[in-house]
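Participant: kindly return the folded structure for what I paste below:
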Amino acid sequence: MTVLITGARGQVGRMLLETLPKDVEPIASTRNDLDITDPAAVRERVLRERPDLIVNCAAYTAVDKAESEPEAAHAINALGPGYLAAAARESGARLIHLSTDFVFDGKASTPYRPDAPTNPLSVYGKTKRDGELAVCDTLADRAVIVRTAWVYAAHGANFMHTMLRVMRARGEVRVVADQVGTPTAARALAEALWQIAARPDIHGIHHWTDAGVASWYDFAVAIAEEGAALGLVPSSVSVRPIATEEFPTPARRPSYSVLDKRSLTSLGLTAVHWRGRLREVLRELPRA
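Facilitator: Presented below is the predicted three-dimensional model:
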């Protein structure tokens, strides 16, 4: 199976390449060699390569910056997926498109099902929702949309690295405790995506994260504890909980965004608890 991976230098793209199945021939694409906001370039590349599957990991992920750059976010998160879907339709390819928990408003108190109504609070969330609609409208039964949340990895800029840096520098961090979701290791997500790739019968919208629930404060506490055990941060680090109001940001975030994964676990996919995955990622850091 030939697979075109967009956003191949990002956290998930890199993990897709690291966890590559033996029967997959990858075509790794970055923004330097494929601008997904250029419909002619997308069509030419897809029709030339003729992949069996496209996995779209390319995204505008600067959540707060998107508030002041809505056009750029819309081009990458909404228009780009639509162009990929159109090219996939013409070439006969299947498409797996990554989306986010930020398409929800956080007013729920139980995990969001894939068919739950969306109501994004931010420009980022709105553009990702629009990207989902473009893919569904264009490709329908040959597209899989996978919503995920709180992704991090040993490489790249993410919450885990920010916490480790601040913990080392200051010995103390203050972290929002009233936003709840699920941290998700990029490697675990990549492994799930490859399982989906091997199942052409899977289509539509699905959710995938690691198992369990946490606030950003819980996640930071775990980073401090596991990091100290591995000698990555001092054991004296203090993690203090704060309310969202004490840490204002340009973009509003959902207060609750736990995702219901049962549409995929019922097909045999298994999620590992986020704390175990965090330990695995932290152990990679000396090699990162």
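
Participant: isn't R94 right up against D52?
Facilitator: Yes. Checked against C-beta atoms under 8 Å, the pair R94 and D52 is within contact range at 6.8 Å. The C-beta positions use only the backbone N, C-alpha and C, and glycine is treated the same way.

Participant: which one's more surrounded, the two?
Facilitator: R94 (22 against 16; other C-beta atoms under 10 Å).

Participant: first-to-last residue distance for stretch 28-43?
Facilitator: 16 Å (C-alpha to C-alpha, to the nearest Å).

Participant: repeat that for stretch 220-237.
Facilitator: Stretch 220-237: ends 11 Å apart by C-alpha to C-alpha.

Participant: quick one: contacts of that stretch?
Facilitator: 160, 163-164, 167-168, 171-173, 175, 214, 239, 275, 278-279, 282-283, 285 (C-beta atoms under 8 Å, 6 or more residues apart in numbering).

Participant: report the distance from the helix or strand that contains K128 to the chain centre.
Facilitator: K128 belongs to helix 123-139 when assigned by DSSP states H and E. How far helix 123-139 lies from its chain's middle: 15 Å, per C-alpha atoms, centre = their mean, to the nearest Å.

Participant: filter the contacts of stretch 220-237 to the buried ones?
Facilitator: M160, M163, L164, M167, V173, V175, A214, V239, R275, L278, R279, L282 (16 or more other C-beta atoms under 10 Å).

Participant: please convert those residues to JSON lines, extending it with pLDDT.
Facilitator: Formatted as JSON lines, the buried ones among the contacts of stretch 220-237 follow (pLDDT from 0 to 100):
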{"residue": "M160", "pLDDT": "96"}
{"residue": "M163", "pLDDT": "96"}
{"residue": "L164", "pLDDT": "96"}
{"residue": "M167", "pLDDT": "95"}
{"residue": "V173", "pLDDT": "95"}
{"residue": "V175", "pLDDT": "96"}
{"residue": "A214", "pLDDT": "98"}
{"residue": "V239", "pLDDT": "96"}
{"residue": "R275", "pLDDT": "97"}
{"residue": "L278", "pLDDT": "97"}
{"residue": "R279", "pLDDT": "96"}
{"residue": "L282", "pLDDT": "96"}
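
Participant: Throw those residues into TSV and include secondary structure and distance to R187, thanks.
Facilitator: TSV is the format used below for these (DSSP: H, G, I helix; E, B strand; the rest coil; distance: C-beta to C-beta, whole Å):
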residue	secondary structure	distance to R187
M160	helix	13
M163	helix	19
L164	helix	18
M167	helix	23
V173	strand	25
V175	strand	24
A214	strand	18
V239	strand	25
R275	helix	15
L278	helix	11
R279	helix	12
L282	helix	12
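
Participant: from those residues, pick the one nearest A186.
Facilitator: Nearest to A186 among the buried ones among the contacts of stretch 220-237 is M160, at 10.6 Å by C-beta to C-beta.

Participant: wait, what's in contact with the closest one?
Facilitator: So M160 contacts Y152, F219, I223, L278, V281, L282 (C-beta under 8 Å, 6+ apart).

Participant: quick one: distance of the helix or strand hosting the fifth one to the chain centre.
Facilitator: V281 belongs to helix 274-284 when elements are defined using DSSP H and E. Remark: helix 274-284 is offset 17 Å from the chain centroid, using C-alpha atoms, centre = their mean.
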